[in-house]
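**Student:** need a structure here:
(3 chains)
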Amino acid sequence: MEKFVRNAWYVAAWSKEIGNTLFSRRILDEPVVMYRTSDGTPVAMLDRCPHKLTPLSLGRIIDDRVQCGYHGLEFDCSGKCVYVPGQNRIPPQAKARTFPLVERYNALWIWMGDPELADPDRIIEVQRYDEPGWAVIDGQYQYHRTSYLNIAENLVDPAHTTYVHRQTIGNPAAGEVPVTVEVSKDERGNDYVLAYRWTNNAEPPPIDQKLGSFSGLTDRCQYYYYYLPCVSRVDVVTMEAGQEQSEENKDKGLRAFSYKMLTPETENRTHFFWMHVRNFRINEDVSTLIEGMNATFQEDNEISSAVQREQEATGDLQYAWLGIDAAPSRVRKMLEKMASPE
Amino acid sequence: MEKFVRNAWYVAAWSKEIGNTLFSRRILDEPVVMYRTSDGTPVAMLDRCPHKLTPLSLGRIIDDRVQCGYHGLEFDCSGKCVYVPGQNRIPPQAKARTFPLVERYNALWIWMGDPELADPDRIIEVQRYDEPGWAVIDGQYQYHRTSYLNIAENLVDPAHTTYVHRQTIGNPAAGEVPVTVEVSKDERGNDYVLAYRWTNNAEPPPIDQKLGSFSGLTDRCQYYYYYLPCVSRVDVVTMEAGQEQSEENKDKGLRAFSYKMLTPETENRTHFFWMHVRNFRINEDVSTLIEGMNATFQEDNEISSAVQREQEATGDLQYAWLGIDAAPSRVRKMLEKMASPE
Amino acid sequence: MEKFVRNAWYVAAWSKEIGNTLFSRRILDEPVVMYRTSDGTPVAMLDRCPHKLTPLSLGRIIDDRVQCGYHGLEFDCSGKCVYVPGQNRIPPQAKARTFPLVERYNALWIWMGDPELADPDRIIEVQRYDEPGWAVIDGQYQYHRTSYLNIAENLVDPAHTTYVHRQTIGNPAAGEVPVTVEVSKDERGNDYVLAYRWTNNAEPPPIDQKLGSFSGLTDRCQYYYYYLPCVSRVDVVTMEAGQEQSEENKDKGLRAFSYKMLTPETENRTHFFWMHVRNFRINEDVSTLIEGMNATFQEDNEISSAVQREQEATGDLQYAWLGIDAAPSRVRKMLEKMASPE
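**Tutor:** Residues are numbered from 1 along each chain as shown, chains lettered A, B, ... in the order given. Below you'll find the model as predicted:
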């Protein structure tokens, strides 16, 4: 059974990570080397010389070409071998595999599947990005010792917040609020699963009390979108209780869009990139906010990595099924089907 | 072939290790979480939530119940799920497995097999425990990187003492003294193998010379009992040479009962608990004695772990058979038969 | 498929490494313990007691015999068990396997195959060793995390020098000079592969410029001999350009013989011993030269270990075939055939 959905855009790196040196990262269990040509164009290539399998990242960049560090073969940014020391004939097998790579939202998006199908228009939209009144945090990365399937489940599972994040963002009241689940397709053709819930007429959680200036009780919503196979968008709003819950009113409350982009390193390890768009504390130093979010996602990582270890030890996934599993199970099943269509 | 004898009492922990926090230890290759309820009753549960396999030890104790750290399911000390956040129905699969756990001799004894067969009367007796004129060392633990079968062999093998413990308790003279082996059953129905030998009319070993006040030569005996599957009792006496070797005279010499309780962590790693009952240096500080014994058992661990590595590399156990192998082979064969009765 | 060529002499250790204590090293995936008897004779024995598999290296030497550290069995330097504590009968299985071991060139050469075939005359000759006008560096060791086959390929592959050793001995001009390959047998009956090339009328590389006093351009040759299965000899000469390239004239230039002796630890890890014979800087301190050569071989190790990891990940060896692969492929094919003759 194929483990990965290959025909999809994954974040390979943040823009700032890739410059004029060779950078290697394992993606969908393949080694990928990335660099920029002198005009700034980012390039992604299989990090394995077609001669003797040497990682190309051990070589160097010469005139926008990658020179293998073992025997000096040179590959241009299309992967074509343009120089073999000591001989004129370039054997046809001496071809480095390259991957479509698109720069958007300060990130480099890679397509590991059939290049013919790589349509940049299918890259997910980051909402309110660079719009006035909104601020962006990006460039954030964590390494999670768990499968991206476990993380995907977690990301459409509001029920875990009360327990896993008890000491950070957890809201004891939320544990009892049921979640509504929907499955649909966005205007770009990407399937998504949505789980959402409203917690109305409640005390705002400690963090919102700090950030907003709420005179009384609040309505709070969490919309957990999971765009298959690898992007989570959480739309969180805290607004004064009792107003109409329209998009316009939401934008007047505290609102944030939290994006996580999951890129499987291997079947059981995941690159976890995150970014965040908000309408509060626009011009402030948010290093504490970033620290707090990183701490929160590390709480998920700790739980999810422990679950991964038990899954590997037992070969099992789950014994009892609960109502809160609706969205997570949908996401897992859809992802497994996307990976092995028949 | 089943690797472990499941229907038996194993030491899971020292009493002092378990309190009002969750404590996890792997036993017979299963993760076990332990804690005490508010009245001090110790509880042992499979450390794996029946919902999504999360280790329960990552959660917390709430009102004597274990709350899973992922989704907040709560299990009482019988393993029954008594609360699922967000729904009233408790699915029947949401049941945590518990294990019989008995507190005795400052230790917690666990039964990993059929709970119907868990009879506390079969827990081994620790002799002279809490009797006047005798003192106890307990609470000692080591982690041995070898199978409990290798340790069991070692514990009925007096012949190794001269060589492995040359620099601690080794007695060069003992190397030549033959060992008598017996197999029998104690009054509690536990099978045991006994190997023993007397070294008569010999200089006492350095450590006994320090502890006793022997005017001349001594008789020294070592009785190595192994109660299947997991408890070793060594009865060691040094007495002035020439007396009748009765129980009464033994108690007048230097006498110690050394207990080791082996609990397989996995097939090839073992929790090594030990305690010691003696009739000398009753009210003294014995930290040096404890250090010495720990050093001695680490010598066994070093040899036995090296043997384990060679066994794994070769798939073999032994090539040549010697007279001194009588008791060790008996123990291994009986243990293998106990694990796979047919 | 047999992985190793067993009927061959491998360097097991440098003479200086083996004395009157037990020294253990894994060779062709077998544990070997070495020591010297009181008259200095070196002994090599399987490091595994035939009783219970205990590594003999955990024991000690008593009167030129190895005493097992577990039960005190003693083996003489022929591997014969001469003492079993507590019994007179020595069982026939209590026999330690020994290996032929010959001391030559300050090294101990071991024969892991059929002892009947172990002819010391087949040990490779080290040229100019101990001759006047020549100096020797020996006793050098590195541990390479790659198969000896990958190292063997590297050692008959002059084309890598320009790239792997760019910052040490690399000569940019050499990259374009074709290599001639020959296969033959030396006078001792050892098969060898030879790859060589001359770089004539070129600027000497930086290191030669320091060492020699060349007034102008130089001719430089590199002869890469690989004596199957495990010895590389590189004969490197830099001489003033324009002379007859005779042995006599070579000896008047800067000349060095560089020997590497590869001993597989396991299928994918290699003990890398090296020595060096030269006709320059005879009486000087050469610690910088030694450091430089060790740095150079570590560059090979880095590349070759990375190749090893890719080979293990893919199960492949090579995709494109180049002219420079002639000698490396010959060596690999011959070695694989030597290991599995049919």
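
**Student:** Would you agree residue A:96 is in contact with residue A:77?
**Tutor:** No - here residue A:96 does not reach residue A:77: they are 9.7 Å apart, not a contact under C-beta atoms under 8 Å. All C-beta atoms are positioned from the backbone trio N, CA, C, and that covers glycine.

**Student:** And these two? Which one has more around it.
**Tutor:** Here residue A:96 and residue A:77 are compared on neighbour count by other C-beta atoms under 10 Å in any protein chain shown; more neighbours surround residue A:96, at 24 against 20.

**Student:** Now do the phi/psi pair for the more buried one.
**Tutor:** Torsion angles at residue A:96 (phi, psi; degrees, to the nearest 10) stand at phi -90, psi 140.

**Student:** And residue A:323, by the same measure?
**Tutor:** Per-residue torsions, residue A:323: phi -60, psi -40 (degrees, to the nearest 10).

**Student:** swap in residue A:148?
**Tutor:** The main-chain torsion angles of residue A:148 are listed as degrees, to the nearest 10 and equal phi -70, psi -20.

**Student:** which residues are in contact with both of residue A:96 and residue A:77?
**Tutor:** The contact sets of residue A:96 and residue A:77 overlap at residue A:45 (C-beta atoms under 8 Å, 6 or more residues apart in numbering or on different chains).

**Student:** Show me what the longest helix belonging to chain A is packed up against.
**Tutor:** When secondary structure is assigned using DSSP state H, the longest helix within chain A turns out to be helix A:287-314. The helices and strands touching helix A:287-314, judged by 3 or more C-beta pairs under 8 Å, 6 or more residues apart in numbering or on different chains; DSSP states H and E, are strand A:135-144, helix A:148-155, helix A:161-164, strand A:269-278.

**Student:** and the angle for the first one with helix A:287-314?
**Tutor:** Comparing the axes of strand A:135-144 and helix A:287-314 via axes from the mean of the first three to the mean of the last three C-alpha atoms, to 10 degrees yields an angle of 30 degrees.

**Student:** do the last one as well
**Tutor:** Angular relation of strand A:269-278 and helix A:287-314 on a 0 to 180 degree scale: 150 degrees, by the same axes, to 10 degrees.

**Student:** isn't there a helix covering residue A:45?
**Tutor:** No - counting by DSSP: H, G, I helix; E, B strand; the rest coil, residue A:45 is located in no helix; its state is strand.

**Student:** The residue sitting nearest the centre point of chain A in helix, strand or coil?
**Tutor:** Residue closest to the mean C-alpha point of chain A, counted by C-alpha atoms, centre = their mean, is residue A:261 at 0.6 Å. Recorded secondary structure, residue A:261: strand (three-state DSSP).

**Student:** circling back to that earlier point, quick one, which of the helices and strands packed on helix A:287-314 is nearest to chain B?
**Tutor:** Of all those, the one in closest proximity to chain B, counting by C-beta to the nearest C-beta, is helix A:161-164 (4.5 Å).

**Student:** if we can go back for a sec, quick one: buried residues of the longest helix of chain A?
**Tutor:** Within helix A:287-314, the residues that count as buried by 16 or more other C-beta atoms under 10 Å in any protein chain shown are A:289, A:293, A:296-297, A:299-308, A:310-311.

**Student:** ok, now stretch A:326-342?
**Tutor:** Along stretch A:326-342, the positions that meet the burial threshold by neighbour count (16+ other C-beta under 10 Å) are A:326, A:327, A:328, A:329, A:330, A:331, A:332, A:334, A:335, A:338.

**Student:** Export the residues you listed as CSV, with columns for secondary structure and distance to chain C.
**Tutor:** Converted to CSV, those look like this (DSSP: H, G, I helix; E, B strand; the rest coil; distance: C-beta to the nearest C-beta, whole Å):
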residue, secondary structure, distance to chain C
A:326, helix, 38
A:327, helix, 35
A:328, helix, 32
A:329, helix, 33
A:330, helix, 34
A:331, helix, 29
A:332, helix, 27
A:334, helix, 30
A:335, helix, 24
A:338, helix, 25
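
**Student:** which outside residues touch the lowest-mean-pLDDT helix or strand in chain A?
**Tutor:** Of the helices and strands making up chain A, the lowest-confidence element is helix A:206-211, at a mean of 78, by mean pLDDT, DSSP states H and E. The set of residues that contact helix A:206-211 without belonging to it, under C-beta under 8 Å, 6+ apart, is A:168, A:169, A:214, A:218, A:220, A:238, A:254, A:280, A:281, A:292.

**Student:** So what are the sheet partners of whichever helix or strand comes after it and their directions?
**Tutor:** Counting by DSSP states H and E, the element after helix A:206-211 in chain order, helix or strand, is strand A:218-227. Sheet pairing of strand A:218-227 (DSSP bridges) gives strand A:191-202 (antiparallel), strand A:231-240 (antiparallel).

**Student:** Contacts made by the last one with the rest, please.
**Tutor:** Read it as strand A:231-240. A:124, A:127, A:152, A:155-156, A:204, A:208, A:212, A:214-227, A:245, A:249-250, A:252-262.

**Student:** Taking the stretch 201-342 of chain A, what residue is nearest to chain C?
**Tutor:** Closest contact between the stretch 201-342 of chain A and chain C, by C-beta to the nearest C-beta, is at residue A:266 (10.6 Å).

**Student:** how deep is that residue tucked in, by neighbour count?
**Tutor:** With neighbours defined by other C-beta under 10 Å, the count for residue A:266 comes to 15.

**Student:** which ones are touching it?
**Tutor:** A:26, A:29.

**Student:** beta partners of it?
**Tutor:** According to DSSP bridges, the partner residues bridging residue A:266 are residue A:269.

**Student:** any idea how far residue C:18 is from it?
**Tutor:** According to C-beta to C-beta, to the nearest Å, residue A:266 stands 43 Å off from residue C:18.

**Student:** try residue A:305
**Tutor:** From residue A:305 to residue C:18 the distance is 46 Å (C-beta to C-beta).

**Student:** Next: residue A:225.
**Tutor:** For residue A:225, the distance to residue C:18 equals 68 Å [C-beta to C-beta].

**Student:** Same check on residue A:85?
**Tutor:** For residue A:85 relative to residue C:18 (C-beta to C-beta), the value is 43 Å.

**Student:** Now do the buried residues in the least confident helix or strand of chain A.
**Tutor:** Buried, per 16+ other C-beta under 10 Å, within helix A:206-211: A:208, A:211.

**Student:** swap in stretch A:262-279?
**Tutor:** Those would be A:262-265, A:268-279, for stretch A:262-279 by 16+ other C-beta under 10 Å.

**Student:** Just flag the most distant two among the residues you listed.
**Tutor:** Across these, no pair lies farther apart than A:268 and A:279, at 37.1 Å, counting by C-beta to C-beta.

**Student:** Show me what counts as buried in stretch A:179-189.
**Tutor:** Of the residues in stretch A:179-189, those buried by neighbour count under the rule 16+ other C-beta under 10 Å are A:179, A:181.

**Student:** Tell me which residues are up against that stretch.
**Tutor:** Counting by C-beta under 8 Å, 6+ apart, the neighbours of stretch A:179-189 from elsewhere in the structure are A:121-122, A:124-125, A:158-159, A:191-197, A:227, A:324, A:326-327, A:330, A:334, B:86.

**Student:** For that stretch, measure first residue to last.
**Tutor:** Stretch A:179-189 has an end-to-end distance of 25 Å (C-alpha to C-alpha, to the nearest Å).

**Student:** Retrieve the pLDDT associated with residue A:238.
**Tutor:** Here, the pLDDT recorded for residue A:238 equals 94.

**Student:** Can you give me the distance of it to residue A:137?
**Tutor:** Applying C-beta to C-beta, one obtains 18 Å for the distance of residue A:238 from residue A:137.

**Student:** swap in residue A:250?
**Tutor:** The spacing between residue A:250 and residue A:137, counted by C-beta to C-beta, is 20 Å.
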